[in-house]
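Chemist: Quick one: sequence plus predicted model below, questions after.
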Amino acid sequence: MTDFIHRFEPARDAGSPPLLLLHGTGGDENDLLGLGQMISPGSALLSPRGRVLEHGMPRFFRRLAEGVFDEEDVRRRARELGDFVAEARRHYGIAAPVAIGFSNGANIAAALLLLKPDVLAGAVLLRAMVPLSDPPNTDQAKPELGGKPVLLLSGQADPIVPSSNSAKLAALLSDAGARVDHNVLPAGHQLSQADVTLARKWIGNISAKAA
């Protein structure tokens, strides 16, 4: 368990899905713990710190410029994160988690869904954009998401993620077999109370269906 600096909070409700918390640029393993507790109070929380540094700020993969990703690095880092989650599941005895990712963390979660579909039970993608211009043929011929639930929450006034890009991501995940619920909120790139409310309701719904 030394690959990623991380925090783990045990579940307080066995019926709540474990959450994989993936921070944005400049965040760390503590950043989204409060958000995870608000979204699903009883869930186990697994929160790793990104291993790439950009001007001293942790990220989950390299970028060449804002909105321009080093896609070879995206693939490599997604596989590393997937291996860490598999090891953490064995170590902590948890089921496949639902990712809660913000910005850079949401982008690596989307890459995980496409490159290693078995790692996640679903995902809440907060201000995500398409992580790979050429969707994967690395680990398998085509990602098969088999109805995995995905909540994509975009900001109508987001200066970083164009609406066309988030719409393309929703279509890409849907085409790969995910059950995508895409909401565009009257917000920018930062999170709002509406994000928390919608994510909490969505987690409650998928938990009820799994019960």
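Modeler: Cool, got the structure. Numbers count the residues shown, from 1 in each chain.
Chemist: Contacts for stretch 195-202, please.
Modeler: Residues outside stretch 195-202 that contact it (C-beta atoms under 8 Å, 6 or more residues apart in numbering): 35, 38-40, 100, 124, 126, 149, 151, 153, 181, 183, 185, 187. All C-beta atoms are positioned from the backbone trio N, CA, C, and that covers glycine.
Chemist: Mind listing what's buried along stretch 199-211?
Modeler: For stretch 199-211, the neighbour count (16 or more other C-beta atoms under 10 Å) marks 199, 202-203, 206-207 as buried.
Chemist: Distance-wise, check Lys148 relative to Asn165.
Modeler: From Lys148 across to Asn165, the span is 21 Å (C-beta to C-beta, to the nearest Å).
Chemist: helices or strands up against the helix ranked longest in the chain?
Modeler: In the chain, taking DSSP state H as the definition, the longest helix is helix 71-92. Contacts defined by 3 or more C-beta pairs under 8 Å, 6 or more residues apart in numbering; DSSP states H and E place helix 71-92 against strand 6-9, strand 45-48, helix 104-115.
Chemist: Now do the buried residues in that helix.
Modeler: Buried-residue list, helix 71-92, by 16+ other C-beta under 10 Å: 71, 73-75, 77-79, 81-82, 84-85, 88-89.
Chemist: List the contacts of Val161.
Modeler: Val161 neighbours (C-beta under 8 Å, 6+ apart): 67, 127-129, 154-155, 189.
Chemist: among those residues, who's most crowded?
Modeler: When neighbours are taken as other C-beta atoms under 10 Å, the top entry among the contacts of Val161 is Ala128 (29 neighbours).
Chemist: what's the closest non-adjacent residue to it?
Modeler: In space, Ala128 comes closest to Ala106 once its chain neighbours are excluded; the distance is 3.6 Å by C-beta to C-beta, 6 or more residues apart in numbering.
Chemist: Check whether Leu153 sits in a helix, strand or coil.
Modeler: Judged by DSSP: H, G, I helix; E, B strand; the rest coil, the three-state class of Leu153 is strand.
Chemist: OK, contacts around it?
Modeler: Counted by C-beta under 8 Å, 6+ apart, Leu153 has contacts 124-127, 183, 185, 195, 198-199.
Chemist: Now the buried members of those residues.
Modeler: 124-127, 185, 195, 198-199.
Chemist: and which of those residues is nearest Leu114?
Modeler: Nearest to Leu114 among those, counting by C-beta to C-beta, is Leu125 at 11.9 Å.
Chemist: what sits up against the helix or strand hosting that closest one?
Modeler: Assessed by DSSP states H and E, Leu125 sits inside strand 122-126. Identification of contacts with strand 122-126 by C-beta under 8 Å, 6+ apart yields 17, 39, 98-103, 106, 109-110, 112-113, 148-153, 169, 191, 195, 199, 202-203, 206.
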